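>>> below is the sequence, then the predicted model.
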Amino acid sequence: MSDTSSALGGAPNAFVAQEATKRAVMPLDEAALVGVAGPEGAMRALIRMGDGAVISGMEGERIALGRLIEVSPAGAVLELANGNATFLRPYPWGLDLPGG
């Protein structure tokens, strides 16, 4: 493990670890899709919660935000407790976002 990854909590991808905590890249006070991982048909969504915790789940699983309806490279679709669905898209790493 490199010195950079050790300093960042052992994250295997130092770039993601650094960018995931920059407000200009990702809002830190609300849920945001960090990314997806895994093979097609068994992808997991990695979601950073507003309190900083990172949770993951697969299609069909219930997580803290609701039930994951779909997980794909394009993002994740969640069914919320009120029955509505919402789409979480991955944030564009390294781009300036409005209000950042």
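Received the coordinates, thanks. Residues are numbered from 1 along each chain as shown.

>>> can you get me a residue count around Thr86?
13 (other C-beta atoms under 10 Å). Any C-beta I mention is one placed from the backbone N, CA and C, and that applies to glycine too.

>>> ramachandran coordinates for it?
Thr86 has phi and psi values of phi -140, psi 150 when expressed as degrees, to the nearest 10.

>>> who is it paired with across the strands?
Beta-bridge pairing of Thr86 under DSSP bridges involves Leu78.

>>> so which bits of stretch 72-92 are buried?
Neighbour-count burial for stretch 72-92 flags Gly75, Ala76, Val77, Leu78, Glu79, Leu88, Pro90, Tyr91 (criterion: 16 or more other C-beta atoms under 10 Å).

>>> CA atoms only: put that stretch into PDB for me.
What follows is stretch 72-92, C-alpha atoms only, in PDB (Å, rounded to 0.1, in the frame of the first residue of the first chain):
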ATOM      1  CA  SER A  72     -26.200   0.400 -13.600                       C
ATOM      2  CA  PRO A  73     -23.200   2.300 -14.800                       C
ATOM      3  CA  ALA A  74     -25.600   5.200 -15.500                       C
ATOM      4  CA  GLY A  75     -26.600   5.400 -11.800                       C
ATOM      5  CA  ALA A  76     -29.000   4.000  -9.300                       C
ATOM      6  CA  VAL A  77     -32.800   4.200  -9.000                       C
ATOM      7  CA  LEU A  78     -34.300   4.200  -5.500                       C
ATOM      8  CA  GLU A  79     -37.900   3.600  -4.500                       C
ATOM      9  CA  LEU A  80     -38.500   5.900  -1.500                       C
ATOM     10  CA  ALA A  81     -40.700   5.200   1.500                       C
ATOM     11  CA  ASN A  82     -43.500   7.400   0.000                       C
ATOM     12  CA  GLY A  83     -43.600   5.200  -3.100                       C
ATOM     13  CA  ASN A  84     -41.900   7.700  -5.400                       C
ATOM     14  CA  ALA A  85     -38.700   6.800  -7.200                       C
ATOM     15  CA  THR A  86     -35.600   8.900  -7.600                       C
ATOM     16  CA  PHE A  87     -32.500   8.600  -9.700                       C
ATOM     17  CA  LEU A  88     -29.000   9.100  -8.300                       C
ATOM     18  CA  ARG A  89     -26.400   9.800 -10.900                       C
ATOM     19  CA  PRO A  90     -22.700   9.500 -10.300                       C
ATOM     20  CA  TYR A  91     -21.100  12.900  -9.800                       C
ATOM     21  CA  PRO A  92     -18.700  14.100 -12.600                       C
END
